[in-house]
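Participant: sequence first, predicted coordinates after that:
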Amino acid sequence: MLGGGLAAPSPDRLRVDELLNSVITWVPPGEPEVGPLSGLTVGVKDNIEVGGVLSTCASDFFADRVATEDASVVRRLRAAGADIVATLNLAEFAVGVTSQNSAAGGPRNPWDPSRVPAGSSGGSGAAVAAGLVDVALGTDSGGSVRLPAAACGVVGLRPTPGVMDMTGVYPVSPDFDTVGPMARTVDLVARTFDVLSEVPRRTAAPRRVGVPRHFVTDDLDPGVVEVMAGFRKHLGELGLDLVEVEIPLHAQAQSHVYTLLYSDLAKLHAERLGEPERFQPATLQRVRQGLTITDDQRRFAARARSDFRAGMREVLQTVDLVVTPTLPVDVPSVQEEEAVLRQSVRLGQLSYPWSLHNGPTMSLPVGFHPDSGMPVGAQLTAAHCDEEVLFAVGRRYQAETDWHTRRPPVCL
């Protein structure tokens, strides 16, 4: 059994987390510095090391592993005054889009605990939505910040790859791995990003929003389609010009990410495959997927990634950002493992393609599903190091809407 608190969180926090199972370890209180994040509580996904605290990656393999020092991003947070209060539940080794394949037990969604919080940073999304922390860090290789942000009704950023120091973050695939902040507001995500990133702040005044004529699939949940239509209409009312665009090579993008990511994953865990019973079944299935990928397939996928990026550079010379849904379906219920495996490709269908891109993507809460009442998120994607474009649009949108102020039933 993973977990075991070292600190004594408030009874209210314990009661909420008992319903959500979002926390792996409560971190002992320290003496925060004074800085731009003073007064804020932060939780970090449990594949990001916090010195002196269990760092389990939600896996039996690391059940007793204690980090010897803070990850670079954690040091930056502390230096900015943030109070690190918890490490957060996730899919084992950050592999999985529902977070139910955790040795600590799957975290649940605060809007409806019978549903998943998505993944792999499911504990991070749930903890922010439930008010257990002000900010959470997740990691995102194929959608692992954006999917839980959408499912839990919060803001989540996959930043431009390479702008953060990944030292002390357990990898999935170095070519795709990023650390991203999650919070209820765009402004707080932006403030946290400023602390974590290694690039100077830019100014932005976006005017043109690209809307793909077709993106990966037309098989979208009708409720998601309805909410996204309302979001695009509101962007127009904010004075932004909506422009139809074609996203090049999008149809096979998810497959190319799988090829590159899963081949890395199989190499990373090759020795552990000698003890398959210690993996969560869904994790094992994904790790084994990488064993059959050939060098020729990797080279083809790498060329396709270069072509996708070249095409996106052309698109983003004509518009400031591109808008797509985050999840193609309503937030699913917790189900048996076989059903979870079947869902995995579907849930990441719209997030994986943007992992080929070398710029940032942010999931923004834009409404609630008309049938289930679950949150719906939109992905905003911009050019390399143009995070400020996303923040500018997100701030304007949140200044005139209240989706981000709504609170789930399971909440402090």
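Facilitator: Ah, there it is.

Participant: and the gap between residue 134 and residue 149?
Facilitator: Here residue 134 is placed at a distance of 15 Å from residue 149 (C-beta to C-beta, to the nearest Å). Heads up, the C-betas are built off the backbone N, CA and C, glycines and all.

Participant: higher neighbour count, these two?
Facilitator: Between residue 134 and residue 149, counting by other C-beta atoms under 10 Å, residue 149 is the more crowded of the two (38 against 21).

Participant: wait, is that one part of a strand?
Facilitator: No - per DSSP: H, G, I helix; E, B strand; the rest coil, residue 149 lies outside any strand segment and is helix.

Participant: for it, give me the pLDDT.
Facilitator: Note for residue 149: predicted pLDDT of 98.

Participant: for it, which non-adjacent residue is spatially closest?
Facilitator: Nearest non-adjacent residue to residue 149, counting by C-beta to C-beta, 6 or more residues apart in numbering: residue 156, 2.7 Å away.

Participant: repeat for residue 129
Facilitator: residue 152 (4.0 Å).

Participant: my guess is that neighbour contacts residue 128. True?
Facilitator: Yes - at 6.9 Å, residue 152 counts as touching residue 128 under the criterion of C-beta atoms under 8 Å.

Participant: which one's more surrounded, these two?
Facilitator: Neighbours per residue (other C-beta under 10 Å) separate residue 152 from residue 128, with residue 152 holding more: 37 against 32.

Participant: pLDDT at that one, what is it?
Facilitator: pLDDT, read off for residue 152, is 98.

Participant: try residue 141
Facilitator: 98.

Participant: now do the same contact list for it.
Facilitator: 94, 172-173, 176-178, 261, 355 (C-beta atoms under 8 Å, 6 or more residues apart in numbering).

Participant: likewise residue 239?
Facilitator: Applying C-beta under 8 Å, 6+ apart, we find residue 239 in contact with residue 207.

Participant: renumber starting at 325 from here on
Facilitator: From this message on, residue numbering opens at 325, which makes the last subject residue 563.

Participant: returning to that earlier point: helix, strand or coil: sort out the residue nearest to residue 473 for me.
Facilitator: Assignment for residue 480 (three-state DSSP): strand.

Participant: ok, now residue 485?
Facilitator: Going by three-state DSSP: residue 485 is coil.

Participant: quick one: pLDDT of it?
Facilitator: Value for residue 485, per-residue pLDDT: 96.

Participant: count of residues packed around it?
Facilitator: Residue 485 has 20 nearby residues by other C-beta under 10 Å.

Participant: and residue 462, by the same measure?
Facilitator: With other C-beta under 10 Å as criterion, residue 462 counts 34.

Participant: beta partners of it?
Facilitator: residue 504 (DSSP bridges).

Participant: might one say that it is in contact with residue 445?
Facilitator: Yes - with contacts counted by C-beta under 8 Å, residue 462 reaches residue 445, the gap being 3.0 Å.

Participant: got the CA coordinates for stretch 388-395 in PDB?
Facilitator: What follows is stretch 388-395, C-alpha atoms only, in PDB (Å, rounded to 0.1, in the frame of the first residue of the first chain):
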ATOM      1  CA  ASP A 388       9.600   2.600  -0.400                       C
ATOM      2  CA  ARG A 389      11.600   5.100  -2.600                       C
ATOM      3  CA  VAL A 390      12.300   8.400  -0.800                       C
ATOM      4  CA  ALA A 391      13.700  11.300  -2.800                       C
ATOM      5  CA  THR A 392      17.000  12.600  -1.600                       C
ATOM      6  CA  GLU A 393      16.500  16.200  -2.900                       C
ATOM      7  CA  ASP A 394      13.900  18.400  -4.600                       C
ATOM      8  CA  ALA A 395      13.400  18.400  -8.300                       C
END
